[in-house]
Each structure stands twice: as C-alpha cells, then as structure tokens.
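[1] Test case, fold it:
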Amino acid sequence: MYNENSPLGVKSRLFAVRITKMVKYLQKNRSKTLNPVYNQILRSGTSIMANIAESEFAQSRADFRNKLQIALKEANETKRWLYLLHNSEALTQREYDSMNVDCSELVAMLVSSVNTSRKNSGNEYVGDNPLEGMVSDCDIPLPF
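    Residues are numbered from 1 along each chain as shown. Below you'll find the predicted structure:
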C-alpha cells in the first residue's frame with residue numbers, strides 16, 4: 001500500500017537519522033540531567049519512521065491508516081520534546097528551528113496522507129497545515 005521510496009518514506013528515514021545524531025551529540029556535549037528526555041525524543045523520533053515503514057505491508061486500508069496515525073502522534077510528541085529541549089536550553093534557537101522545520105514537514109505530510117486515506121474511505125479529515133509560516137535556516141550546517 002505504501003512505497004518506501006515515497007517522499008514520506010525518505011523524509012522519515014532522514015529525520016530518524018538526524019534525531020539519532022542529535023541525541024548522540026546532546027548526550028556527549030550537553031547536560032546529562034536531560035538524558036531521560038534525550039531517550040524519549042530518540043524513541044518518538046525514530047518511531048515515526050518505523051510506523052511509516054510498517055504501513056508498507058499493512059493488512060488493510062484501516063491498518064494502513066492506523067500506522068500513519070500512530071506515526072503522526074509520534075511526530076507530534078517529537079515536536080513537544082524539541083520544544084522542551086529548546087526551552088531547557090539544551091538546543092540553541094538555530095538547532096531547534098532546523099529540527100522543528102523537519103518535524104513539522106513530517107507532520108504536514110502525515111496529515112495529508114491520513115486525510116487522503118480517510119477521503120478514499122469516506123471518513124473525516126484531521127488538522128490543518130502545521131507548516132504555515134515555518135522558515136528553515138540551513139545556510140550553516142549543524143552537527144546533526
């Protein structure tokens with residue numbers, strides 16, 4: 001039902017790699033007190049990719065949509081952990097903005113995919129476009 005080379009599949013894999021690198025960087029270079037938060041964002045950020053990959057072999061349209069909805073919930077949770085890390089001063093503004101834009105793009109793609117799946121089955125839509133007004137500062141590479 002789902003192609004692993006779709007924009008959503010590729011974006012989720014790249015984001016999972018970025019989250020993993022970010023957590024490794026934070027554990028090495030930032031406050032150890034926040035290790036539980038680092039572990040949480042690692043779980044939620046990589047779970048997005050895992051659930052999208054699982055949707056590839058969904059047993060039904062409902063199962064497909066369910067996997068994407070779980071991925072959407074994990075992306076939303078990841079946004080909250082990014083917010084916490086930024087406001088706890090573990091992430092700089094630039095680091096936060098860069099990761100948040102990527103996560104918001106995933107949320108928007110997932111909302112669109114879930115809505116398309118619901119439309120094809122006659123169900124309700126979810127959320128608006130969370131990307132509205134987002135800007136990415138990618139001129140200077142980050143360590144993750």
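
[2] Please count neighbours and contacts with C-alpha atoms only from this point.
    Will do.

[3] chain center to the worst-scoring helix or strand of the chain on mean pLDDT: distance?
    Of all helical and strand segments in the chain, the minimum by mean pLDDT, DSSP states H and E falls on helix 93-121, at a mean of 94. Remark: helix 93-121 is offset 7 Å from the chain centroid, using C-alpha atoms, centre = their mean, to the nearest Å.

[4] Which residues belonging to it are considered buried?
    Within helix 93-121, the residues that count as buried by 16 or more other C-alpha atoms under 10 Å are 95-118.

[5] got the contact list for the closest residue to R30 other than its chain neighbours?
    Distances taken as C-alpha to C-alpha, 6 or more residues apart in numbering place A90 nearest to R30, at 6.3 Å, with adjacent residues excluded. A90 makes contact with 26, 30-31, according to C-alpha atoms under 8 Å, 6 or more residues apart in numbering.

[6] do N29 as well
    Per C-alpha under 8 Å, 6+ apart, neighbours of N29: none.

[7] What separation is there between it and A90?
    As judged by C-alpha to C-alpha, to the nearest Å, N29 and A90 stand 9 Å apart.
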